[in-house]
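1. When you get a sec, could you give me coordinates for this:
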Amino acid sequence: MTSTTTTPSTGSTVAQENLKRKSNDPGWEYALCVNPKKLERVKCILCNKEMGGGINRLKQHIAQIKGNVSSCPKATKNDQIKCRDALLDNRNKKKGKVDENESLRAQVNIRRSENETITIDDDLMEDSFGSMKAKRSFGPMDRFPNTINPQDVSNMGKSKQENMSNAIRKEHMIRVKEYICRWAYECVIPFHAFEKDSFKIMLEAVGQFGRGAPPPTRYEMGETYLKKEVEITINLLTPYKDEWKSNGCSIMTDAWSDRKRRSIMNLCVNSKMGTVFLSSKESSEEAHTSEHIHEYVESCIEEVGPENVVQIVTDNASDNMGAAKLLKEKRPTIFWTSCATHTLNLMLEGIGGLPRYKKILNHAKTLTVFIYARHKTLAMMRYFTKKRDIVRQGVTRFASAFLTL
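-> Numbering: from 1, shown residues only. You can find the predicted model right below:
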């Protein structure tokens, strides 16, 4: 009897949850989706009124903002204030996004001066796009034999793109986005890459160039512009290097293996301003002896400046401890410090080996293996945990075991 009485309520709760959007928007506290396939249709749970326009329209309904929708007769004063604040917050976020985009656009200027004109070389266009050349369009005024003064051209009004009607401009924008998305799908570009400011700056630069902007060649990407970007990155490190000279820095070493089982050593420099990658070295053919590690760290010290280095940070491996002794003999003013993360990992490994904890960890491993090895139990677990996994990934496997518990 108990199961028959609780099942309907559970089913209704599940159905209600399915009609709610998984969003942090306060408006969904007062709304349900009428049809999951039509997310713009929502229903007010206070007065049961259905409306289009999505959650933004419903917040106007609750906040008693007239113009697009009628006011909710059952909304309390607190409900109105909550939705009104949410609308104002969204408006401020949109304004901030617009200001940010305008600031990014202002950073782009492909011309050296305002009076500079750009001439497109037909040979360059043919090299970039094959035989595809832009067809010139002539209007009624082109039939007149009078020549046009170039000075008058620069003083003409708005461009054709600015004079297009909103409908045509919207249609053109849809086509532009289709081409961009098609390229992204074909080249497997991650979607979050389009949220980068550099992508928006790139689009602005192409727009300033105009029709027929040639893409860089493979050689230019791998040589010419890559070297320029390296120079720009090196210049960005100038304030970091000044910080090293003022307050000192720490050199951190790390050794790891990639998917091809190649042994790689990294060196990074940490200071008050942050961590900077300094160099990387493949040492698959060389033994990771104390002398080898000390030689590599010594080259980094010389590059940064011995007077700027306060300490060297590594893990507690025996080879690193041997390199620490060699460093102490040559540079007694520089400390060699063990990595705190590696030390904590060794502590967790030791704690996990104790009988009382080892038994619990083994039971937890057995349970997780059973759940994740069967798709039905995995789906059931994710349903009741709201799509959260019980296995917590950590920096190391010993940390992962305790995070899972």
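
2. from here on, contacts and neighbour counts on C-alpha atoms
-> Fine.

3. The stretch 51-200 of the chain: helices as residue ranges?
-> Secondary structure of the stretch 51-200 of the chain (DSSP state H, counting those that start in this stretch): helices at 54-62, 77-106, 122-129, 150-154, 160-163, 166-187, 197-209.

4. Show me the shaky parts of the protein.
-> Residues of the chain meeting the criterion pLDDT under 70: 1-22, 108-164, 392-405.

5. on that earlier part again, kindly compare burial across the helices of the stretch 51-200 of the chain and name the winner.
-> Highest mean neighbour count among these (mean count of other C-alpha atoms under 10 Å): helix 54-62, with a mean of 24.

6. mind checking how far Arg84 is from Asn24?
-> For Arg84, the distance to Asn24 equals 15 Å [C-alpha to C-alpha, to the nearest Å].

7. wait, I meant Ile234
-> Distance of Ile234 to Asn24, computed by C-alpha to C-alpha: 41 Å.

8. So this protein: which segments form each domain?
-> Split into domains by automatic domain parsing, the chain comes to 2-100, 236-338, 345-404.

9. got CSV for the ones you listed, with distance to Thr217 too?
-> Below are the domains of the chain laid out as CSV (distance: least, C-alpha to C-alpha, whole Å):
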stretch, distance to Thr217
domain 2-100, 31
domain 236-338, 26
domain 345-404, 39
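
10. Of all the ones you listed, which one comes closest to Gln107?
-> The closest of the domains of the chain to Gln107 is domain 2-100. By C-alpha to C-alpha, the value is 11.0 Å.

11. starting at the chain centroid, how far to that closest one?
-> Chain-centre distance of domain 2-100: 29 Å, with C-alpha atoms, centre = their mean, to the nearest Å.

12. For the remainder of this discussion, apply numbering that starts at 2.
-> Got it, first residue is 2 now, which makes that one domain 3-101.

13. Same list as before, the helices of the stretch 52-201 of the chain that is, but in TSV and with distance to Thr367 included.
-> Listed next are those as TSV, based on distance: least, C-alpha to C-alpha, whole Å:
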stretch	distance to Thr367
helix 55-63	44
helix 78-107	46
helix 123-130	59
helix 151-155	75
helix 161-164	64
helix 167-188	40
helix 198-210	46
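
14. Between those helices, which one is closest to Arg263.
-> So among these, helix 167-188 is nearest, using C-alpha to C-alpha, at 27.3 Å.

15. Just list what the closest one packs against, helices and strands only.
-> Contact here means 3 or more C-alpha pairs under 8 Å, 6 or more residues apart in numbering; DSSP states H and E; on that basis helix 167-188 packs against no helix or strand.

16. I'm done for today, thanks for sticking with me.
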